[in-house]
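Chemist: what follows is a predicted protein model with its sequence.
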Amino acid sequence: MGLRDLFGKKHEDKKGFCFIICVSNEAYFSEASFYINKLKIPDGYSVEIFPVRDIPGMAAGYNTGMTSTTAKYKIYMHQDVFVLNPNFLSDILTVFSMDKKIGMIGMIGSRKLAPDALPWHSDRVGNIYELDRDNVNFTGYSYKPDDGLTEVEAAEGFLLATCTDIAWRDDLFDGWDYYDMAQCFEFRKAGYKVVVPEQRRPWVAHDESINNRWTFDKSRRVFMEQYMKFWGS
């Protein structure tokens, strides 16, 4: 019998991590993989990197990755994100263990989205290297439950870690924007919490490249109509 049981479902690897990365730039992907391969792996766990290439949009690419791995813990990550925290894997396990309703972890998020659904108009929490360039010494650092966390309406999509699977809305978002905000709302609709842990040291660096914003406002309006109009902020 293969990976699927008699009912056609995959056997979940409860001690597996999978980094799912949509790739259009091999140099970025190589550097991102370099940092992933330096992470400390918790005892008994395994790590895989799953690149997705030639995709029509982020949501479609992430659905491909999600359905192609049996790992319980999935880290959906931009190709230009570099995980600096060597204890990243054990730290996200600690966060998930704090509350069984936590379904998604982000590095930066909005407690409450602004009425225009623009994250930078919202009250944001979290930490990232591009926002705090002098705070990257991880000597002796490891996340502890008493460090705390913040529940958010939406976390930003450069890195999102999950412990359960919900399909990404590639039927609504066929490009590069608002797929992440939509996924956070889908998790919340399903009864899960989206949280941002306190990061006394920023866990990741994001070498954010300039994206094509031609369809950005179209996606924003789809998101507002689908989510915020009825039950969002």
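Modeler: Noted; the coordinates are in hand. Keep in mind it's a predicted model, so treat the numbers as computed, not measured.
Chemist: straight-line length of stretch 44-62, end to end?
Modeler: One end of stretch 44-62 sits 26 Å from the other (Cα to Cα, to the nearest Å).
Chemist: who's in contact with that stretch?
Modeler: 13, 15-24, 29, 33, 36, 39, 41, 64-65, 68-69, 71, 76, 89, 157, 168-170, 172-176, 179-180, 182-183 (Cβ atoms under 8 Å, 6 or more residues apart in numbering). For every residue, glycine as well, the C-beta is placed using N, CA and C.
Chemist: next, the buried residues of stretch 104-115.
Modeler: Buried residues in stretch 104-115, counted by 16 or more other Cβ atoms under 10 Å: 104, 105, 106, 107, 108, 109, 110, 113.
Chemist: swap that for stretch 161-174, sorry
Modeler: Within stretch 161-174, the residues that qualify as buried by neighbour count (16+ other Cβ under 10 Å) are 161, 162, 163, 168, 169, 170, 172, 173, 174.
Chemist: so of those residues, which ones are in strands?
Modeler: Taking DSSP state E, the ones among the buried residues of stretch 161-174 that sit in strands are 161, 162.
Chemist: related to what we said a few turns ago, give me the buried subset of the contacts of stretch 44-62.
Modeler: Listed as buried from those are 13, 16-23, 29, 33, 36, 39, 64-65, 69, 71, 76, 89, 157, 168-170, 172-176, 179-180, 182-183; burial here means 16+ other Cβ under 10 Å.
Chemist: could you measure from the nearest residue to residue 142 once chain neighbours are set aside over to residue 40?
Modeler: The spatially closest residue to residue 142, leaving aside those adjacent along the chain, is residue 87, at 4.8 Å (Cβ to Cβ, 6 or more residues apart in numbering). Distance, residue 87 to residue 40, using Cβ to Cβ, to the nearest Å: 6 Å.
Chemist: quick one: low-confidence parts of the chain?
Modeler: 1-10, 128-136, 209-214, 229-233 (pLDDT under 70).
Chemist: all strands for it, in order.
Modeler: For the chain, the strands defined by DSSP E occupy 13-23, 46-53, 71-77, 81-83, 102-106, 108-110, 124-126, 149-151, 154-155, 159-162, 193-197, 204-206.
Chemist: just give me the residue closest to the centre of this structure.
Modeler: For the chain, residue 160 is the residue whose C-alpha lies nearest the centre (Cα atoms, centre = their mean; 0.8 Å).
Chemist: any idea what that one is bridged to?
Modeler: Going by DSSP bridges, residue 160 is paired in beta bridges with residue 76, residue 106.
Chemist: hey, where'd the helices end up in the chain?
Modeler: 26-36, 58-68, 88-98, 179-189, 216-223, 229-231 (DSSP state H).
Chemist: please work out which of these is packed deepest.
Modeler: Most buried of the helices of the chain, by mean neighbour count (mean count of other Cβ atoms under 10 Å): helix 179-189, with a mean of 22.
Chemist: and it, what does it pack against?
Modeler: When contacts are defined as 3 or more Cβ pairs under 8 Å, 6 or more residues apart in numbering; DSSP states H and E, helix 179-189 packs onto helix 58-68, strand 102-106, strand 154-155, strand 159-162, strand 193-197, helix 216-223.
Chemist: now it - C-alpha only, CSV.
Modeler: The C-alpha trace of helix 179-189 is given here as CSV (Å, rounded to 0.1, in the frame of the first residue of the first chain):
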residue,chain,number,x,y,z
TYR,A,179,-4.0,35.2,-1.4
ASP,A,180,-2.3,35.4,2.0
MET,A,181,-4.9,37.6,3.6
ALA,A,182,-7.7,35.4,2.2
GLN,A,183,-6.0,32.3,3.6
CYS,A,184,-5.9,33.9,7.1
PHE,A,185,-9.6,34.6,6.9
GLU,A,186,-10.3,31.1,5.7
PHE,A,187,-8.5,29.7,8.7
ARG,A,188,-10.5,32.0,11.0
LYS,A,189,-13.7,31.0,9.3
